[in-house]
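**Q** Sharing a model prediction with you, sequence too.
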Amino acid sequence: QFRMLSGAAGERVRLNIGGRRFETTQTTLTGDGKLQTFFSSLIRHAKPSQTKEEVFIDRDGDAFAPLLTFLRTGILHIPDSLSEAVVRTEADFYCIPLPPAEPVRPAGIVRHDGMYLSFAAGRVPDGGEGSSSCVATGDVRAYLQFGLHRNVVLGRREADGQWSTTRCRYSCLAGGLLLVHRTQHCKVGSDNEADVPTSGSDGEAQDPIELSAVVLDAAYIEVISCGRVGRLEKPFHFIASRTPTPGMAFVSQTAHNALNSSMAPGPGRVVLAFESDVSVGVMVTSSQPGWSAATASHYRAFCHRHAKAAGAPKTAPDETSRRVDSERESLVSTASPLTPSEDLWHIHIDNGNFTRTVDFVSLSDHALVEFVQLNAKHDPQPIWYRPVAKTVNPWSRPKPNARIH
């Protein structure tokens, strides 16, 4: 039995929901008249003689508590002791519009909005000293990049230091099992599900398995076996692709072999310092001591699933700019060693030092990956850029058992 309410919009209201009592105002329950909730109807049909009576509703009082907080603050916080599904069921009963739930990535489903990296050294604990948000230390030895239509690229650093790229197809099975097949009998980029290699088809030639693994939480891949004489690879950690953050600086880990020899004595390192969403400082150093050059350049970040690129000028581009942008994105689609994906963020830097760059992928504040075509007979070689971060001041704290003289 419901007891109706009436009175001024700000008048206090007493609720008894499933035995748990609440006290609030009519303004809160109706969103100052902007929300058509369960309580709006109660208040609208209230009788003047029932203004101070308690309203009893035979529902879950514990699940109503976060809904009342949401009506008061606009912030939805569900305690760990409550089920989100139960709270949303109660919200449907009271006609309270909640923000959509965060998409849940089930275990065993790989992500396409970034790259999985395998490192040469072990992990560093998150928040460790001298590291702000490091995922791992050491050089990258392999990467997996999942794209459209079940295509995946496996890049691997060989014993001679060169990188090889293997185009594969993948399939995710029950429990997060992952099979990566080297492409032989299926066309790369095909959207036909029948082209996906399947194990157990009698009488058919099967693509060899390049990698078998287990996917955990969509962000960690534990390798079980590898096609190279069965040796095990180190695990892969997922790094999301995002646009560079202004204020971040990155330095190349290896020699930058894409330099124009007429501009520099020899290969060296490159530093990229992002000033804004359109401007980046480029510093090039040489293996010859005492030589370096720096300049400010314009850059553009773009993602194929976005109609407008991040950092694009607000003014309408002219016909020449449209043609250059179209050619640039076409180059990324055709010359890049990565498989096509609508979720990767690419950058292009208007600087003569990157004439041989076929693709430049931004992995948020963790890394940049530049793919350079050095020789037409070889795969594009990746150059990894690490963020420039502060190290620990050796004088910031006294050493254990150290004597101060």
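**A** Arrived safely, thanks for sending.
**Q** hey, let's count contacts and neighbours off CA atoms from now on
**A** OK.
**Q** For the stretch 51-200 of the chain, just list every one of the helices.
**A** For the stretch 51-200 of the chain, applying DSSP state H, counting those that start in this stretch gives helices covering 61-73, 84-94.
**Q** So in the chain, which strand runs the longest?
**A** strand 292-303 (DSSP state E).
**Q** can I get the CA coordinates of it in PDB?
**A** This file holds the C-alpha atoms of strand 292-303, laid out as PDB (Å, rounded to 0.1, in the frame of the first residue of the first chain):
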ATOM      1  CA  SER A 292      72.600  17.400 -32.900                       C
ATOM      2  CA  ALA A 293      69.800  19.400 -34.600                       C
ATOM      3  CA  ALA A 294      66.400  20.400 -33.300                       C
ATOM      4  CA  THR A 295      63.300  21.900 -34.900                       C
ATOM      5  CA  ALA A 296      59.600  22.400 -34.300                       C
ATOM      6  CA  SER A 297      57.300  20.500 -36.600                       C
ATOM      7  CA  HIS A 298      53.700  20.000 -37.300                       C
ATOM      8  CA  TYR A 299      52.100  16.600 -36.800                       C
ATOM      9  CA  ARG A 300      48.800  15.000 -37.300                       C
ATOM     10  CA  ALA A 301      47.200  12.100 -35.400                       C
ATOM     11  CA  PHE A 302      44.400  10.100 -37.100                       C
ATOM     12  CA  CYS A 303      42.400   7.000 -36.400                       C
END
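**Q** Okay, buried residues for that strand please.
**A** Of all the residues in strand 292-303, those buried under the rule 16 or more other C-alpha atoms under 10 Å are 292, 296-303.
**Q** Go through the residues you listed and name the one nearest Leu216.
**A** Cys303 (26.7 Å; C-alpha to C-alpha).
**Q** Leaving out sequence neighbours, find the closest residue to the closest one.
**A** Distances taken as C-alpha to C-alpha, 6 or more residues apart in numbering place Trp345 nearest to Cys303, at 4.8 Å, with adjacent residues excluded.
**Q** Let me know whether the one you found touches Arg242 as I believe.
**A** Yes: assessed by C-alpha atoms under 8 Å, Trp345 is found in contact with Arg242 at 5.9 Å.
**Q** Between the two, which has more neighbouring residues?
**A** Relative neighbour count places Trp345 above the other of Trp345 and Arg242, with 26 against 20, counting by other C-alpha atoms under 10 Å.
**Q** quick one: contacts of stretch 279-289?
**A** When contacts are defined by C-alpha atoms under 8 Å, 6 or more residues apart in numbering, stretch 279-289 is touched by residues 264-275, 291-299.
**Q** do that again at 6 Å, thanks
**A** Residues from elsewhere that reach stretch 279-289 (C-alpha atoms under 6 Å, 6 or more residues apart in numbering): 266-274, 292-299.
**Q** Buried residues, it. List them.
**A** 279-286.
**Q** Show residues contacting stretch 374-388.
**A** With C-alpha under 6 Å, 6+ apart as the criterion, stretch 374-388 contacts 163, 249-253, 367-373.
**Q** Run through the stretch 1-150 of the chain and note the low-pLDDT ranges.
**A** The stretch 1-150 of the chain contains residues with pLDDT under 70 at 1-10, 46-52, 102-108, 121-138.
**Q** Repeat the analysis, applying 50 as the threshold.
**A** Applying pLDDT under 50 to the stretch 1-150 of the chain flags the ranges 1-9, 122-136.
**Q** Which stretches in it count as strands?
**A** 12-17, 20-25, 55-57, 114-119, 140-146 (DSSP state E, counting those that start in this stretch).
**Q** quick one on the thing from earlier: pipe the contacts of stretch 374-388 into TSV and attach neighbour count and distance to Val110 per row.
**A** Converted to TSV, the contacts of stretch 374-388 look like this (neighbours: other C-alpha atoms under 10 Å; distance: C-alpha to C-alpha, whole Å):
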residue	neighbour count	distance to Val110
Trp163	17	23
Ala249	22	29
Phe250	22	27
Val251	19	29
Ser252	21	28
Gln253	15	28
Ala367	22	20
Leu368	25	21
Val369	18	20
Glu370	24	23
Phe371	22	23
Val372	24	27
Gln373	22	28
